[in-house]
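model the structure of this input:
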Amino acid sequence: MSSITPRTETPQNFRMYVRAEVVVVHKTRETFGGLSNMAPGFPIRINGVRIATSEALYQACRFPHLPNVQREIIEQHSPMTAKMKSKSHREDSREDWDQVRTKIMRWCLRVKLSQNFEEFSRLLLSTKDRSIVEQSSKDDYWGAKLMGVAHETLIGRNILGRLLMELREEIKNDAVGARQAVSPPNIPNFLFLGEKVVLQKEDRDSEDLAVRQTDLL
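Residues are numbered from 1 along each chain as shown. Alright, predicted model coming up:
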């Protein structure tokens, strides 16, 4: 990866960022809002089924054994209601969810990129070499929380931001490969609406993208 804004390691793999020095992903209407999983305008198609946002796809992946719940989630018109529908079924999430969720999020982001390449790659590259941090009031796993007297710092694991930076580097190193259709993650029972995830005829030719082993897992 290229250099990013220096940050200080804190306990529990948390990282501390100076808010003024990083690209903050917070509200979807802001300059970098399109990087959020909640952002509209980046539809995804899986097995011929249109899904409005990467958030809805990620949430649906919790329940490969419950196609009715997956359908309920992806039929929601907004990413927030999709997330809320998922929340009501959280106890029924796949048993290994905590172990596979980062791999699944990486896949969701890659699918979002491959199917919305022009705009999503433009947004990612416009962040240049700055750290990307998802600001959250509650979630310091995927994002980071505001800290400090004047909220000048962000602290959290920031896994989503780090995955976005990883994707940005892949575009820089191999733009052609980054826009290829993406194979499903190599995890067991990865089903969508009761079927294995396959690429559609109208998708681009499939090519496996090597999943780099990073410290995110």
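
okay, N189 and S126: tell me how far apart.
Distance, N189 to S126, by Cβ to Cβ, to the nearest Å: 37 Å. C-beta: built from backbone N, CA, C; applies to glycine.

same question but for L57, I mixed them up
Counting by Cβ to Cβ - L57 and S126 are separated by 24 Å.

one more: G161?
From G161 over to S126 the distance is 15 Å, taken as Cβ to Cβ.

these two: who's more crowded?
For G161 and S126, the more surrounded residue by other Cβ atoms under 10 Å is G161, and the numbers stand at 28 against 14.

that one touches S131, doesn't it?
Yes: at 6.9 Å, G161 counts as touching S131 under the criterion of Cβ atoms under 8 Å.

in the protein, which spans are helices?
Under the criterion DSSP state H, the chain contains helices at 54-60, 67-74, 79-87, 97-115, 117-126, 159-173, 175-178.

where in this protein is pLDDT low?
Under the criterion of pLDDT under 70, the regions of the chain flagged as low confidence span 1-12, 199-217.

try it again at 80.
1-12, 181, 199-217 (pLDDT under 80).

apart from its neighbours in sequence, what residue is nearest E30?
Nearest-residue entry for E30: V24, 7.9 Å, with adjacent residues in sequence omitted and distances by Cβ to Cβ, 6 or more residues apart in numbering.

burial of N189, as a residue count?
Applying other Cβ under 10 Å, we find 11 residues neighbouring N189.

give me the distance between the residue lying farthest from the centre of the chain and V133.
In terms of distance from the mean C-alpha position of the chain, V149 ranks first, at 30.1 Å (Cα atoms, centre = their mean). Using Cβ to Cβ, V149 is found at 19 Å from V133.

again, but for L154
Computed as Cβ to Cβ, the L154 to V133 distance reads 5 Å.

shared neighbours of those two, which are they?
Listed as contacting both L154 and V133 by Cβ atoms under 8 Å, 6 or more residues apart in numbering are Y17, R19, V22, V24, A144.

out of those residues, who's the most crowded?
Across those, the neighbour count under other Cβ under 10 Å reaches its highest value at A144, namely 30 neighbours.

quick one: contacts for that residue?
When the contact criterion is Cβ under 8 Å, 6+ apart, the partners of A144 are 14-15, 17, 133-136, 154-158, 161.

residues touching the nearest residue to it once chain neighbours are set aside, list them.
What sits nearest to A144 in space, not counting adjacent residues and going by Cβ to Cβ, 6+ apart, is G156, at 3.1 Å. Counting by Cβ under 8 Å, 6+ apart, G156 makes contact with F14, R15, V133, S136, D139, D140, Y141, G143, A144, K145.

how much space separates the fifth one from P67?
In this structure, D139 lies at 27 Å from P67, with Cβ to Cβ as the measure.

now the shared contacts of L154 and V133 in TSV, with distance to R50?
Converted to TSV, the shared contacts of L154 and V133 look like this (distance: Cβ to Cβ, whole Å):
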residue	distance to R50
Y17	35
R19	36
V22	33
V24	30
A144	32
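
just checking, which of those residues belong to strands?
With strands identified by DSSP state E, the entries of the shared contacts of L154 and V133 that belong to them are Y17, V24.

can you tell me which of the shared contacts of L154 and V133 comes closest to V100?
Distances from V100 to the shared contacts of L154 and V133, taken as Cβ to Cβ, are shortest for A144 (22.5 Å).

counting neighbours, what do you get for P184?
Here the number of neighbours of P184 (other Cβ under 10 Å) works out to 17.
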